[in-house]
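> Give me the fold of what follows.
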Amino acid sequence: MKNLNEGNDLREYFLNLLLKSEIKVEDKKITQMLEFLELLYKKNQVMNLTAIRDKKGMLEKHFIDSLLLTKVIKNNDEKSFIDVGTGAGFPGFVLAIYYPEKKFLLVDSVRKKIEFINEVIKELNLQNVTTSFERAEELIKDKRESFDVALCRGVANLRIILEYMIPFIKVNGRFLPQKLNLNEIEESKNALKILNSKINKTFEFKLPESKDPRIILEIIKLQKTNEKYPRKVGIPVKKPL
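Okay, the predicted model is just below:
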């Protein structure tokens, strides 16, 4: 009985977060997201996938945070997505549930994280998600300029992450990084110029319970990227553009 009650409570809590965030999600997709939450919570007991330990915290700071991108993604035009440094599957896996008609490639160089995502793909029987634990510098060889949208949730410095992400997207495609602050924009100007890209818009949100600020940048790729980018492993971090 306890599990049933907890499940109902979590569903209500999630629905409330979605309502406050003005995000609409179909019932079936909510069920799938809550299944993903359970698998994440269980695996996180034995493997460090996220520093957030409680389910409600995960719902707000991972799931809602990922779903904020639905306010920015274009429904019809954008069909292929790459999420680099996806970790336990944020934002890419949540968005793959939300958009079953779109294709997602989730990338993380930590193999055990990708193995966890593969388990969840199998469990939820998702047909629109593939994964890779190849490093971006290797993966780019077959995937250059082949995605409509690139995603990355904010750990690395913007001017470093730009060098990895921009080469993956098509001309006129978008990179939608989620950042916690705007201080890195000024120092990324040179990288944007070299990579033929520009910051077009800044979207600012607040998480519904904690009121933590969340920022999504819209970066547009204006021309093809020079084939020499990204540079070899380690160089973008040591010598940022």
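> can you count the residues close to S132?
Using other CB atoms under 10 Å, S132 is surrounded by 18 other residues. Any C-beta I mention is one placed from the backbone N, CA and C, and that applies to glycine too.
> before we move on, what about K103?
Residues lying near K103 (other CB under 10 Å) number 16.
> On the pLDDT front, check the nearest residue to it once chain neighbours are set aside for me.
Spatial nearest neighbour of K103, chain neighbours left out: S80 (4.9 Å); criterion: CB to CB, 6 or more residues apart in numbering. Per-residue confidence (pLDDT) for S80: 98.
> Pretty sure S80 sits against V149.
Yes - look at S80 against V149 with CB atoms under 8 Å: they come within range, at 7.4 Å.
> These two: who's more crowded?
More crowded of S80 and V149, by other CB under 10 Å: V149, with 25 against 17.
> tell me the SS of that one?
Put simply, V149 is strand when judged by DSSP: H, G, I helix; E, B strand; the rest coil.
> can you offset everything so residue one is 490?
Okay, using 490 as the starting number, the last item reads as V638.
> Could you pull up the residues touching it?
Neighbouring residues of V638 by CB atoms under 8 Å, 6 or more residues apart in numbering: 562, 567, 569-571, 658, 662-665.
> Kindly report the same for Q712.
Contacts of Q712 by CB under 8 Å, 6+ apart are 660, 685.
> Confirm that it sits in a strand.
No - assessed with three-state DSSP, Q712 is coil; it does not lie in a strand.
> Give me the phi and psi for it.
phi -150, psi 170 (degrees, to the nearest 10).
> For L594, which residues are in contact?
By CB under 8 Å, 6+ apart, the contact set of L594 is 569-572, 581, 618-621, 632, 636.
> do that again at 6 Å, thanks
L594 sits next to 571, 619 when contact means CB atoms under 6 Å, 6 or more residues apart in numbering.
> can you tell me how far the residue nearest to K592 sits from R720?
25 Å (CB to CB, to the nearest Å).
> Kindly report the same for M522.
For M522, the distance to R720 - CB to CB - is 37 Å.
> Looking at those two, which is more packed in?
M522 (22 against 14).
> How about the contacts made by that one?
By CB under 6 Å, 6+ apart, the residues touching M522 are I586.
> Which helix or which strand is home to it?
Per DSSP states H and E: M522 is located in helix 516-533.
> which residue sits closest to I610, ignoring its sequence neighbours?
V618 (5.3 Å).
> Go through stretch 537-549 and flag the buried ones.
Using 16 or more other CB atoms under 10 Å as the test for burial, stretch 537-549 gives 538-539, 541, 544, 547-549.
> Which of those residues sits closest to E501?
For the buried residues of stretch 537-549, the closest approach to E501 (CB to CB) belongs to L548, at 11.1 Å.
> Look up how far K509 lies from the closest one.
Counting by CB to CB - L548 and K509 are separated by 12 Å.
> measure the closest residue to S510 other than its chain neighbours to L508 for me?
Nearest non-adjacent residue to S510, counting by CB to CB, 6+ apart: P697, 5.1 Å away. Between P697 and L508 the computed distance is 8 Å (CB to CB).
> okay, these two: which has more neighbours?
Legend: neighbour count by other CB under 10 Å for P697 and L508, higher for P697 (17 against 11).
> What residues does that one make contact with?
The contact partners of P697, by CB under 6 Å, 6+ apart, come to 506, 509-510.
> rewinding a little: who's the residue nearest to I610 bridged to?
Assessed by DSSP bridges, V618 has beta-bridge partners F593.
> Near it, how many other residues are there?
Neighbour tally, V618, other CB under 10 Å: 24.
> That one contacts A585, correct?
Yes - at 4.6 Å, V618 and A585 qualify as touching, with contact defined as CB atoms under 6 Å.
> Neighbours of the nearest residue to V573 once chain neighbours are set aside, how many?
Counting by CB to CB, 6+ apart, the nearest residue to V573 once its immediate chain neighbours are dropped is V596, at 4.7 Å. A total of 23 residues lie near V596 under the criterion other CB under 10 Å.
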